[in-house]
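Undergrad: return a 3D structure for these sequence lines:
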Amino acid sequence: MPRAVLASLPELRSNVFTERASQYLTLAHQSAGRALAAMHELRDARRQASGRSPSGRTSDQDQDLLRAMLVFSCAGLDAAMKALIEDSLPTLADRHDQVQRRLEEFGSRRVAEGGSLDARVIGRLLAHPVSPRAALVQDFVDDLTGGSLQSVEQLHRVRSALGIDDSSAVAVAINDLRQTFKARNEVSHEMDLTPLIEHRSRRHRGIRAMVDMANSVLAVGCQIVNQVAETTEQVQTRAGS
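TA: Next up, the predicted model:
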């Protein structure tokens, strides 16, 4: 059976609004690929030392490198989405109907948190040196990027805020990441320990399954970046016509 390898990144449609996000995904792909290559090298070295096939159960070191590969991939997605929001949302908020609606919904919640108008929020928005709208857009960006974007729910929120429809192929692909994010959280927050913690046992993960998860995370990131690149080019064209 051929070795499991990371798929090449889809071609990224980069422009001024998506350049940083594209770079983050590229770097994540490189780091994840190096972790996977190191695992294969370790297995090859063990095979040469023992004269046995490397097709058996992976070692603890192998598992740690597979975990690193997945964490790198998810971290790259997180960083890319935050860069995408920061770099593209202010422009889309002025020129894209769906993004404008998401901004209005956020604004309604922002000035009436707890069910009543918040005078402090309104005062801060009105006192912004540029405009209340600019302040609201920045609040929206800060709210979207303030936490981890490594869950299906958070990615859907980002997708919608960036003007990508619920019925899009991107939305379907995001739904397929639920098990991937579950695995990432088990690795990052629980050191992959099983509930039988008294035995210090850790989950054992298959090479191909882990590679498939890393590939899917990076592919979704590329889909979102490319969709936003297309959208920003369209709104700029309309604005210039």
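
Undergrad: by contact count, what packs against whichever helix or strand residue 229 is part of?
TA: Secondary structure assigned from DSSP states H and E places residue 229 in helix 207-240. For helix 207-240, the elements it packs on are helix 19-50, helix 60-95, helix 152-161, helix 169-175, helix 178-190, judged by 3 or more C-beta pairs under 8 Å, 6 or more residues apart in numbering; DSSP states H and E. The way it works is simple: take the backbone N, C-alpha and C, and place the C-beta from them, glycine included.

Undergrad: got a list of contacts for the fourth one?
TA: So the one you mean is helix 169-175. For helix 169-175, the surrounding residues in contact (C-beta atoms under 8 Å, 6 or more residues apart in numbering) are 152, 155, 156, 159, 164, 165, 216, 219, 220, 223, 224, 227.

Undergrad: what's the closest of those residues to residue 41?
TA: Distance to residue 41 across these (C-beta to C-beta) is lowest for residue 216, with 24.4 Å.

Undergrad: isn't the closest one up against residue 181?
TA: No - under the criterion of C-beta atoms under 8 Å, residue 216 makes no contact with residue 181, lying 10.4 Å away.

Undergrad: which residue lies farthest from the center of the protein?
TA: Largest separation from the mean C-alpha position in the chain: residue 51, at 41.1 Å (C-alpha atoms, centre = their mean).

Undergrad: need the pLDDT of that one.
TA: Listed pLDDT for residue 51 reads 79.

Undergrad: spit out the contact partners of it.
TA: Going by C-beta under 8 Å, 6+ apart, residue 51 touches no other residue.

Undergrad: pull out the buried members of the contacts of helix 169-175.
TA: 152, 155, 156, 159, 164, 216, 219, 220, 223, 224, 227 (16 or more other C-beta atoms under 10 Å).

Undergrad: any idea how far the residue farthest from the centre of the chain lies from residue 62?
TA: Taking C-beta to C-beta, to the nearest Å as the measure, residue 51 falls 18 Å from residue 62.

Undergrad: re earlier: out of the helices and strands packed on helix 207-240, which one sits most buried?
TA: Using mean count of other C-beta atoms under 10 Å, the stretch among those with the largest mean neighbour count is helix 60-95, at a mean of 22.

Undergrad: could you give the angle of that one to helix 152-161?
TA: Using axes from the mean of the first three to the mean of the last three C-alpha atoms, to 10 degrees, the inter-axis angle of helix 60-95 relative to helix 152-161 is 30 degrees.

Undergrad: against which helices or strands is helix 60-95 packed?
TA: Using 3+ C-beta pairs under 8 Å, 6+ apart, the elements in contact with helix 60-95 are helix 19-50, helix 97-111, helix 132-145, helix 152-161, helix 178-190, helix 207-240.

Undergrad: from residue 137, how far out is residue 171?
TA: Residue 171 is 24 Å from residue 137, by C-beta to C-beta.
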